[in-house]
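Asks: show me how the following folds:
(2 chains)
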Amino acid sequence: MSEKLSGRDAFNYAFENYTDTVYRVAVHNTPGVADAEDISQEVFVKLLEKTRTFKSPEHLKAWLIRVTVNLCHSLYRSSKRQTELDGNIPAPEGEDLKVIDYVKALPENYRNAIYLHYYEGYSASEIAGILGSKQNTVLSWLRRGREMLKEQIGGFDDE
Amino acid sequence: MNNKEKYIAEVDSLKAGSRLRNAIAEKADIKPKKNYYKMIIPFAACIVIAVLISLPGFVFRAGRAKSAADEVAYENAAVVDEEAGFADAKSEYNYVDSVNKGSSDPGFSVLITCGKKILFFDGFRATDIINALNNAVRTGEPFENKGEKEITVEIVSTKDNSSVVYSYYRESGVIIRNNTVYILNENDKNFLEGIIPETFTD
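Replies: Model (predicted):
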């Protein structure tokens, strides 16, 4: 699928196909489900307000991810919680933790790179495009993220 | 499963719930796609409840047949009930008759071969006879494992001569192999005579 999307069409397409993606990105960047839902709603409101044309559904998806990450970042940068959380999700505690809890506890760039690479299947260069960074920087985030996970849960990828 | 695979599975389970979808849809004033699976469950439950509620109605209809053919078929089921001792034959027949209401075609003949004996019936609804046979086969108690007579039940359309072979199975007394019903003793012949007593011929 490579048709251009804009306005209501873009919104409807995103709503049908990328709501879960937006929510997952939000979950990775917020401490709770309620926050993730608020952010997700806000992302779609921004999409409604947006007048630009997306070159393709992939372009639309990348925009949604970028906006979601930015909104989460802004929320915690501007909130009082920033001083408590320092931009990161609290480190996991207890014995019933899932792998995702450890990923969420990574620094923001690391966890987003891990999510986009391992779940969404983006390459380092694609992630760099989405997050507005350089490919080598993304590779570095991925490597460090994996190292941190290895220390905490004994490895992440079979490499 | 390594940690990467666990992670992917965990993320996969994260889905935007209906509350979030509804909230977004509300903001955009669109109708969210309905979850049809969730809709089917109450719908199916309603159907089951409706069937359960109407079951007694089928039983009470035991004495009421809709047509001459129904009347005969019903009476034959009654013969099965009274002579062969099938306690449930009436209600079973009546239930099946009601369920199949409108689905059978009175323009059918029924051809049954029983060993060398051939039965040919006209004017019966095919499903009436087959269902009455099935009821008896389900009950099964009078049938004993003695000898074998081959019976083939074939429904022939009087309109275009097309035919369908019916089969039914009961472990005790009646054996079915490749659309052929093996009736195992004399009681079964009597039963067939009870179903359509006047047209049983050698």
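Asks: distance of residue A:156 relative to chain B?
Replies: Separation of residue A:156 from chain B (CB to the nearest CB, to the nearest Å) stands at 5 Å. For the C-beta atoms, the positions are set from N, CA and C on the backbone; glycine is no exception.
Asks: that residue belongs to a strand, doesn't it?
Replies: No. Note on residue A:156: no strand contains this position according to DSSP: H, G, I helix; E, B strand; the rest coil, which reports coil.
Asks: that one touches residue A:147, doesn't it?
Replies: No. In this structure, residue A:156 sits apart from residue A:147 without contact. The criterion is CB atoms under 8 Å, and the distance is 9.1 Å.
Asks: which residues of chain A score low on pLDDT?
Replies: Within chain A, the ranges that satisfy pLDDT under 70 run A:1-2, A:77-96, A:158-159.
Asks: around chain B, pick out the residues from it.
Replies: Taking CB under 8 Å from any CB of the partner chain as the test, the list of chain A residues beside chain B reads A:11-12, A:15-16, A:19-20, A:22-24, A:27, A:37, A:40-41, A:44-45, A:48, A:98-100, A:103, A:115, A:118-119, A:149, A:153-158.
Asks: generate a PyMOL selection restricted to the buried entries among those residues.
Replies: Selecting only the buried entries of the residues of chain A next to chain B in PyMOL, with 16 or more other CB atoms under 10 Å in any protein chain shown as the criterion:
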select buried, chain A and resi 11+15+19+20+22+23+24+27+37+40+41+44+48+98+99+100+103+115+118+119+149+153+156+157
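Asks: so which of the residues of chain A next to chain B belong to helices?
Replies: A:11-12, A:15-16, A:19-20, A:22-24, A:27, A:37, A:40-41, A:44-45, A:48, A:99-100, A:103, A:149, A:153 (DSSP state H).
Asks: residues near residue A:70, how many?
Replies: Counted with other CB atoms under 10 Å in any protein chain shown, residues neighbouring residue A:70 total 15.
Asks: relative to chain B, how far out is it?
Replies: In this view, residue A:70 and chain B are 18 Å apart by CB to the nearest CB.
Asks: doesn't that residue lie inside a helix?
Replies: Yes. Assigned with three-state DSSP, residue A:70 falls within a helix.
Asks: distance check, it against residue A:42.
Replies: For residue A:70, the distance to residue A:42 (CB to CB, to the nearest Å) stands at 11 Å.
Asks: then residue B:13?
Replies: Separation of residue B:13 from residue A:42 (CB to CB): 23 Å.
Asks: also residue B:24?
Replies: Between residue B:24 and residue A:42 the distance, using CB to CB, works out to 10 Å.
Asks: and for residue A:129?
Replies: Taken as CB to CB, the spacing of residue A:129 relative to residue A:42 amounts to 23 Å.
Asks: quick check: residue A:5 touching residue A:52?
Replies: No. No contact is recorded between residue A:5 and residue A:52 when judged using CB under 8 Å, the distance being 10.0 Å.
Asks: the more surrounded of these two?
Replies: Neighbours were tallied for residue A:5 and for residue A:52 using other CB under 10 Å; the higher tally belongs to residue A:5 (20 against 11).
Asks: now the residue lying closest to that one once chain neighbours are set aside: phi and psi?
Replies: In space, and not counting its chain neighbours, residue A:5 is closest to residue A:54: 4.5 Å by CB to CB, 6 or more residues apart in numbering or on different chains. Backbone torsions for residue A:54, taken as degrees, to the nearest 10, come to phi -90, psi 140.
Asks: got the contact list for residue A:54?
Replies: Applying CB atoms under 8 Å, 6 or more residues apart in numbering or on different chains, one finds that residue A:54 lies in contact with A:4, A:5, A:6, A:10, A:60, A:63.
Asks: 10 Å instead, please
Replies: Residues touching residue A:54, when contacts are defined by CB atoms under 10 Å, 6 or more residues apart in numbering or on different chains, comprise A:3-6, A:9-10, A:13-14, A:47, A:60-64.
Asks: can you check residue A:17 too?
Replies: A:1, A:57, A:60, A:61, A:64.
Asks: what's whatever helix or strand the last one lives in packed up against?
Replies: The reference is to residue A:64. Counting by DSSP states H and E, the element that carries residue A:64 is helix A:57-78. Contacting helix A:57-78 under the criterion 3 or more CB pairs under 10 Å, 6 or more residues apart in numbering or on different chains; DSSP states H and E are the following elements: strand A:5-6, helix A:7-17, helix A:19-29, helix A:33-49, strand A:53-54, helix A:81-85, helix A:108-114, helix A:124-131.
Asks: grab the nearest non-local neighbour of the most centrally placed residue in chain A.
Replies: The centre of chain A sits closest to residue A:25, judged by CA atoms, centre = their mean, with a distance of 3.5 Å. Once its chain neighbours are removed from consideration, residue A:25 has its nearest residue in residue A:68; the separation is 4.3 Å (CB to CB, 6+ apart).
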